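**Q** Here is my input; please provide its structure:
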Amino acid sequence: MTSGGDASERDSTTSSGGDEPTRGEAAPAKYLVVGSPVAHSLSPAMMNAAFRAAGIRADYEAREIPPERWPAAMDDLWREGIAGANVTVPHKEGAPAGAHEASDAAREIGAANTLIRTDRGWRADNTDGPGFAAWVEELGLADAARRETLVLGAGGSARAVVWALRRMGVERIRIANRNVGRAEALARELGGGVAAAEGIAGAKAPGGGLVVNCTSLGLRGGDPLPIGGQALAGAEAVLDLVYPDTDLVLTARSAGLRAEHGLGMLVHQGCLAFRRWTNVAADPGTLITAATEESRRRAGEAPGGRRRS
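**A** Numbers count the residues shown, from 1 in each chain. A predicted model of the protein is given here:
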């Protein structure tokens, strides 16, 4: 099946994404990140930089789509001619059902974060899972993950993380969520007998293992911590999928723990999505530089120099 969203099939003679097309010149391909909220996303800065570096004429924007419009909005995006999209909270779990077809990863995870245009509709894929695994390997934390990993949350991101951990050979996975029923359902569906579920309020970090925050807490200023600081004691490291530094990351660091916000995973999954759309490899350094510069710009614009969510 030929992907109608492959930007390499369109005019790529100039890298000036966003320029108005001249007569006889095709308009730049349009890509999106969709979710609610989505204004905080650094994906537009990263992906536009990747398109420019690859010499592909394309524009990438953030678009707010409220939960009640999803997944029906997927049809509207396809009819609009959108070439590809990244999907973020809260739409990941609904994306496979609204797509014409789905990759093995999207089907197994039960969530998708990448939409690839085809002639007949969207192909749903999931680059969160392999992106998370690549991030953990890059950080040198694979051994800590295999000791034991506590996953906070039971939504689309948590599904991808548990899937990735199982493929990494992690046999001790605990899923903690405010709604224990959702955690239990995820453990049954993806755990394969190696995952346990519990309430997030009483969860404690595994000694020498990982804590991975897959909840959306931290996206907005003033969000409570997904897990208390004392409950983090003993962990090898804390990974937060939210970026930049969240209160959870800062709390863990103040306790002497290694803690990383989610920019690294964002870059890894973004490079994979870019390759799915274009058949062109993106340079991770280009994405990191663009995201870091945009994050600093936003921090400088926010009152008191604090980051904006």
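
**Q** mind listing the strands for the chain?
**A** For the chain, the strands defined by DSSP state E cover 29-35, 58-64, 84-87, 101-102, 114-117, 122-125, 149-152, 173-177, 195-199, 210-213, 237-240, 258-260.

**Q** Out of those strands, the one nearest R297 is which?
**A** strand 58-64 (15.1 Å; C-beta to C-beta). No exception for glycine: its C-beta is placed from N, CA and C like everyone else's.

**Q** now the helices for this protein?
**A** With DSSP state H, the ranges of helices along the chain come out as 43-54, 72-80, 104-109, 128-139, 142-147, 156-167, 180-190, 247-254, 263-278, 284-301.

**Q** picking up where we left off before, out of the strands of the chain, which is the most enclosed?
**A** Of all the strands of the chain, strand 84-87 has the most neighbours on average by mean count of other C-beta atoms under 10 Å, namely a mean of 30.

**Q** these two touch, right, D128 and A158?
**A** No - with contact defined as C-beta atoms under 8 Å, D128 does not reach A158; the gap is 9.9 Å.

**Q** Looking at the two, which has the bigger crowd around it?
**A** When D128 and A158 are compared for neighbours, D128 comes out ahead with 35 against 27, by other C-beta atoms under 10 Å.

**Q** Report the separation between the more buried one and A154.
**A** The spacing between D128 and A154, counted by C-beta to C-beta, to the nearest Å, is 14 Å.

**Q** Please apply the same query to P244.
**A** Distance from P244 to A154, by C-beta to C-beta: 24 Å.

**Q** neighbour-wise, which of those two wins?
**A** Counted by other C-beta under 10 Å, P244 and A154 do not tie: A154 has more neighbours, with 26 against 20.

**Q** residues in contact with the more buried one?
**A** By C-beta atoms under 8 Å, 6 or more residues apart in numbering, the contact set of A154 is 175, 177, 179, 182-183, 185-186, 214.

**Q** And the pLDDT for it?
**A** Per-residue pLDDT puts A154 at 95.

**Q** do the same with G222
**A** pLDDT, G222: 81.

**Q** and what of S12?
**A** On pLDDT, S12 comes in at 33.

**Q** Leaving out the residues flanking it, which one is nearest to E260?
**A** For E260, ignoring the flanking residues on the chain, the nearest one in space by C-beta to C-beta, 6 or more residues apart in numbering is L239 at 5.4 Å.

**Q** what does F274 give?
**A** Residue nearest to F274 in three dimensions, not counting chain neighbours: A282, with 4.2 Å by C-beta to C-beta, 6+ apart.

**Q** Quick one, grab the pLDDT at the one you found.
**A** On pLDDT, A282 comes in at 97.

**Q** thought it was touching R275?
**A** Yes - contact criterion C-beta under 8 Å: A282 and R275 qualify, at 6.9 Å.

**Q** Who has more neighbours out of the two?
**A** A282 (23 against 13).

**Q** How much space separates the closest residue to F51 other than its chain neighbours from I116?
**A** Of all residues not flanking F51 in the chain, A58 sits nearest, at 4.3 Å (C-beta to C-beta, 6+ apart). Counting by C-beta to C-beta, the separation of A58 from I116 is 14 Å.

**Q** residues in contact with the closest residue in space to A144 that isn't next to it in sequence?
**A** Leaving aside its chain neighbours, A144 sits nearest to E236 (3.8 Å; criterion: C-beta to C-beta, 6+ apart). Counting by C-beta under 8 Å, 6+ apart, E236 makes contact with 141, 144, 147, 208-210, 257-258.
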